[in-house]
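Student: let's see this in three dimensions:
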Amino acid sequence: MLSALSNIVKIPELRAKITFTLIMFAIFRMGTHIPVPGVDPSAIESLFNNGSLFGLLDMFSGGALSKFSVFAMSITPYINASIIIQLLNVVVPTLEQWSKEGQEGYKKTTKVTRYFTVLLAFLQALGMSIGLKQAILNPGPVSILIIAITLTAGTVFLMWLGEQITANGVGNGISLIIFAGIVAALPNNIGKIYNYLQTGTITYINVFFFAVIAVAMIVFVVAIHTAYRRVPVSYAKRVVGHRSYGGQSSHIPLKVNTAGVIPIIFASSVLMFPVTIAQFIDIPWVKTIAGYFAWGTPLQTTVYALLIIFFTYFYTAVTVKISDMAENLKKYGGFIPGIRPGEPTAVYLDYVMTRITLAGALFLALVAVLPTFIASATHLEGVNFGGTALLIVVGVGLDTMKQIESMVVMRHYQGFMN
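Tutor: Numbering: from 1, shown residues only. Take a look at the predicted model:
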């Protein structure tokens, strides 16, 4: 990894890609400070001081939501649209056919995802504008419509920005935008810790324990993120003409955390729904129910962990095609030692996948709920660390460094061939 970083300044093409990516980051950060017209910033700020729900959403937008800037919704509508389209691949024949058409099918799916993103973004912006009507200076239909269009345009611009990073920069652009937003909150978190120390709310011992837990969590997340279960595979020897093929051994790498951060996003969305609705409905029993699901309560934490486990299995079952794996092994003469090809192989792979998915689900649940216990143990309230943010930062960081390393290897390989 360190050698890849040193090669950034040595390889012109890679240096240009890194520079382009940093310029796009700068544009993104500038956009988070451009406010939406017709909104009272002080009224928006009071909402973020009332609870951790909006603070959690603000973390993923890089502070744009608390400022109610043009990037307030961040890239979330695009992520939701991509997840929905991916899940619809299983039930919509046309989308399933496109997924098998290679690059051409990918272009069609991307086009549908873009249009769906615009629709979701407008609906979300409209709902946000209506819900935050008390913060609008002139809360009329025209003002709400203008604000909704502005927020939608901000999300569409971020989607374009992410695609430009993917095409001309390094790494996945959409993921890097989320990564940049989360990392941008780091100085603010350090400032909160410093203020707590100055006011005597915490001691240096609390900070030390927090640092130890933080390093341990990062190591744990990296270990699980890169963990695979290698299922051994052997290939039968075939003789074609005067040549023999096969007779080699390989393995199927089954990732422990196949679902990534998606189950946490699903679970968070489900639990945020009653709390979000209660923010804008002044009915006692609605407030009471929402109070049980407030962030950090025992009921919310328990349900949150169970939902993450459920969505981990659900998303893994949708995205990992066990039957296709078994069929492809049989087609190319591969088999798992001791297991017959075909249906027995599919049953065995499903058995292995179910067991490692349980480990991945428990890992996601632990990482997601751990910040609540860390804040309680160290008294560092309001310092966003762990959970979804940590998974995204570690995952995107590792994937980006792998892509840089592959570019370095390709460059050296081409130089050797020339």
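Student: was I right to think residue 135 contacts residue 72?
Tutor: No. Judged on CB atoms under 8 Å, residue 135 makes no contact with residue 72 at a distance of 11.6 Å. C-beta here means a position set from N, CA and C on the backbone, and glycine is covered the same way.
Student: quick one, which of the two is more surrounded?
Tutor: residue 72 (28 against 20; other CB atoms under 10 Å).
Student: surely that one is within a strand?
Tutor: No. Assessed with DSSP: H, G, I helix; E, B strand; the rest coil, residue 72 is coil; it does not lie in a strand.
Student: thought it was touching residue 65?
Tutor: Yes. In this structure, residue 72 is within contact of residue 65 by CB under 8 Å, at 4.7 Å.
Student: helices along the stretch 151-300 of the chain, start to end?
Tutor: Along the stretch 151-300 of the chain, the stretches classed as helices by DSSP state H, counting those that start in this stretch are 173-184, 186-199, 204-225, 262-279, 284-292, 298-319.
Student: mean pLDDT per helix and strand in this structure: which one sits at the bottom?
Tutor: Least confident helix or strand of the chain, by mean pLDDT, DSSP states H and E, is helix 52-60 with a mean of 57.
Student: against which helices or strands is whichever helix or strand comes after that one packed?
Tutor: Downstream of helix 52-60, the next assigned helix or strand under DSSP states H and E is helix 64-67. Secondary-structure packing of helix 64-67 (3 or more CB pairs under 8 Å, 6 or more residues apart in numbering; DSSP states H and E): helix 41-48, helix 52-60.
Student: and the spatially closest residue to residue 128 that is not a sequence neighbour, how many residues sit next to it?
Tutor: Closest residue in space to residue 128, ignoring its immediate chain neighbours: residue 151 at 6.8 Å, by CB to CB, 6 or more residues apart in numbering. Neighbour count of residue 151, defined by other CB under 10 Å: 25.
Student: and residue 69, how far is that from residue 44?
Tutor: 10 Å (CB to CB, to the nearest Å).
Student: correction: the previous question concerned residue 172.
Tutor: For residue 172, the distance to residue 44 - CB to CB - is 31 Å.
Student: repeat for residue 140
Tutor: For residue 140, the distance to residue 44 - CB to CB - is 18 Å.
Student: look at the two and report which has more neighbours.
Tutor: The residue with more neighbours, out of residue 140 and residue 44, is residue 44; 20 against 11, by other CB under 10 Å.
Student: list the residues that contact that one.
Tutor: Shown in contact with residue 44 (CB atoms under 8 Å, 6 or more residues apart in numbering): 66, 67, 68, 132, 135.
Student: just give the number of residues close to the first one.
Tutor: Read it as residue 66. If you count neighbours by other CB under 10 Å, residue 66 ends up with 21.
Student: just the pLDDT for it.
Tutor: What the model reports as pLDDT for residue 66 is 70.
Student: quick check: domain ranges of this protein?
Tutor: Following automatic domain parsing, one finds the domains of the chain at 1-185, 186-383.
Student: tell me the buried residues in the longest helix seen in the chain?
Tutor: Longest helix in the chain by number of residues, with DSSP state H as the criterion: helix 343-378. Using 16 or more other CB atoms under 10 Å as the test for burial, helix 343-378 gives 345-346, 348-350, 352-353, 356-357, 360-361, 363-372, 374-375, 378.
Student: low-confidence stretches in the stretch 51-200 of the chain?
Tutor: Counting by pLDDT under 70, the low-confidence segments of the stretch 51-200 of the chain come to 51-64.
Student: returning to that earlier point: farthest-apart pair in the contacts of residue 44, please.
Tutor: 67 and 132 (13.1 Å; CB to CB).
Student: tell me, how many residues neighbour residue 13?
Tutor: The number of residues packed around residue 13, counting by other CB under 10 Å, is 10.
Student: same thing with the one 5 residues further on?
Tutor: Neighbourhood size, residue 18 [other CB under 10 Å]: 18.
Student: output the contacting helices and strands for the host helix or strand of it.
Tutor: Assigned by DSSP H and E, residue 18 belongs to helix 12-31. Secondary-structure packing of helix 12-31 (3+ CB pairs under 8 Å, 6+ apart): helix 141-168, helix 173-184, helix 387-417.
Student: for residue 214, grab the count of nearby residues.
Tutor: With other CB under 10 Å as criterion, residue 214 counts 16.
Student: next, the angle helix 186-199 makes with the longest helix of the chain.
Tutor: Calculated by axes from the mean of the first three to the mean of the last three CA atoms, to 10 degrees, helix 343-378 forms an angle of 30 degrees with helix 186-199.
Student: so how far is helix 343-378 off the chain centroid?
Tutor: Helix 343-378 sits 16 Å away from the centroid of its parent chain (CA atoms, centre = their mean, to the nearest Å).
Student: which neighbouring elements make contact with it?
Tutor: The contact analysis (3+ CB pairs under 8 Å, 6+ apart) places helix 343-378 against helix 204-225, strand 228-235, strand 249-255, helix 262-279, helix 298-319, helix 322-331, helix 387-417.
Student: hmm, who's touching the first one?
Tutor: It stands for helix 204-225. Contacts to helix 204-225, defined as CB under 8 Å, 6+ apart, come from residues 193, 197, 256-257, 360, 363, 367, 370, 374, 377-380, 383, 385-386, 390-391, 394-395, 398.
Student: try 6 Å
Tutor: Contacts of helix 204-225 with the rest of the structure, by CB atoms under 6 Å, 6 or more residues apart in numbering, involve 256, 257, 363, 374, 378, 379, 380, 386, 390, 394, 395.
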